[in-house]
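Quick one: sequence and predicted model below, then my questions.
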Amino acid sequence: MAEPVNVNDMPGILWQDRKHHLWFPLSFTKYYIEDERLMIKTGFLNTTLEETLLYRIVDITCRQNLGGKIFGTGDIIIKTRVDSAGEIVLKNIKRPMEVRRMLSSAVEAARQNRNVVGKEFYGGPGAPPMIDLDGDGIPDFEEHNF
């Protein structure tokens, strides 16, 4: 599993890692999941802490280049619907495939805890109407007839 953490040392921390260079975690960028939130802490003298609620994550992608495969690191690209950033990248983390699976499970658990369903992200005010006048199963706003 991804970087086990002693719960007694850091209560509420499900996972943590740092941005790696090759296989060395020599960075002032720290990633962790705490209380159904993905936290990204950057900087040394000037520190920034970004927070994203897990239930707002709609897509998780893992990317590894050849160097990442050799050194066991990779990127996780996270897409959100509600946050202003829209896309969050966890760069050069250890065991990215395992972290992706763990993060996906944590997102589903957070949604179940909050009783959130997909329509809260994809439907509602401002969403295009799901009208299919020609009956082909594709909403008319997605069809492009050029």
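Perfect, I can see it now.

Test my guess that Met39 contacts Leu53.
No: with contacts defined as CB atoms under 8 Å, Met39 does not count as touching Leu53, sitting 10.7 Å away. In short, each C-beta sits where N, CA and C put it, glycine included.

Flag the shaky bits of this protein, pLDDT-wise.
Residues of the chain meeting the criterion pLDDT under 70: 1-11, 82-85, 118-146.

run the last query once more with 50
By pLDDT under 50, the weakly predicted segments of the chain are 1, 3-8, 124-128, 146.

the strands in it, which residues?
Here the chain has its strands, by DSSP state E, at 13-18, 29-34, 37-42, 48-53, 57-63, 73-80, 87-94.

which stretch among those comes nearest Val116?
Between Val116 and the strands of the chain, the tightest spacing by CB to CB is seen for strand 48-53, at 9.6 Å.

Show me what that closest one is packed up against.
Using 3 or more CB pairs under 8 Å, 6 or more residues apart in numbering; DSSP states H and E as the contact criterion, the secondary-structure elements in contact with strand 48-53 are strand 37-42.
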